[in-house]
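**Q** What shape does this take:
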Amino acid sequence: MSENAKWYVVHTYSGYENKVAQNIEKVVENRKLHDTIQQVRVPIEIVEEIDAKGNKKEAESKLFPSYVLVKMVMTDESWYIVRNTRGVTGFVGPGSKPVPLSDKEVAALGVDVRKVATSVNFKEGDEVTVLGGPFDGWVGTVKAINLEEQTVDIVVSMFGRETPATLSVTQVKRVEG
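**A** As a prediction, the model looks like this:
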């Protein structure tokens, strides 16, 4: 029966994504519908934020606010259960007919993959203070930021010459001013 299971997109009220997912999972558990409604996902990414002091903290960010993904075998019963879950406004699709995601869309959405992203509070051209290493305490200018590699290229003015340096994004903090 699981060969017929497809991913569907369910629209919810804003902020109800987790509650909708929990409610669907609870009904599946209570009614033993694991074969029909197999998975419920609220796609998130873990974003690593770096504050002004250079401290890292992780935060969850919903990739698609107001949407929940449900892998299910579409039957009258499964449609009814999901559609009538509190907080659900409907399935995504033309009219009242839910349209399953294609395999390509499922892969592109990375339904089963959690991404790790980093955000920094500085940008190219900003002045930053170096925290540690041979340039500790020096002020430099950001030339490039590579979030995949978690590095920042800066230029530090030393003895009248510009000296380039590649550092970890955690080794610099933006100069406030």
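**Q** C-alpha from now on. contacts and neighbour counts both.
**A** OK.
**Q** Report how many residues lie close to V139.
**A** Applying other Cα atoms under 10 Å, we find 21 residues neighbouring V139.
**Q** can you give me the strands in this protein?
**A** In the chain, the strands defined using DSSP state E lie at 6-12, 37-41, 44-50, 56-62, 67-72, 88-91, 115-119, 127-130, 139-146, 151-158, 161-168, 172-174.
**Q** Please produce CSV containing those, extended by mean pLDDT and distance to V82.
**A** Listed next are those as CSV, based on pLDDT from 0 to 100; distance: least, Cα to Cα, whole Å:
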stretch, mean pLDDT, distance to V82
strand 6-12, 93, 8
strand 37-41, 92, 9
strand 44-50, 77, 21
strand 56-62, 80, 20
strand 67-72, 93, 9
strand 88-91, 93, 8
strand 115-119, 58, 27
strand 127-130, 92, 50
strand 139-146, 92, 42
strand 151-158, 90, 44
strand 161-168, 89, 46
strand 172-174, 89, 47
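**Q** closest to I24 out of those?
**A** Of all the strands of the chain, strand 37-41 sits nearest to I24, with 7.6 Å by Cα to Cα.
**Q** centre of the chain versus the lengthiest helix in the chain, how much separation?
**A** When the chain is parsed with DSSP state H, its longest helix is helix 17-31. Average the C-alpha atoms of helix 17-31, do the same for its chain, and the two points are 22 Å apart (Cα atoms, centre = their mean, to the nearest Å).
**Q** quick check: domain ranges of this protein?
**A** 2-118, 122-174 (automatic domain parsing).
**Q** Okay, now the last one: how far is its last residue from its first?
**A** Using Cα to Cα, to the nearest Å, one end of domain 122-174 lies 6 Å from the other.
**Q** How about stretch 108-126?
**A** 34 Å.
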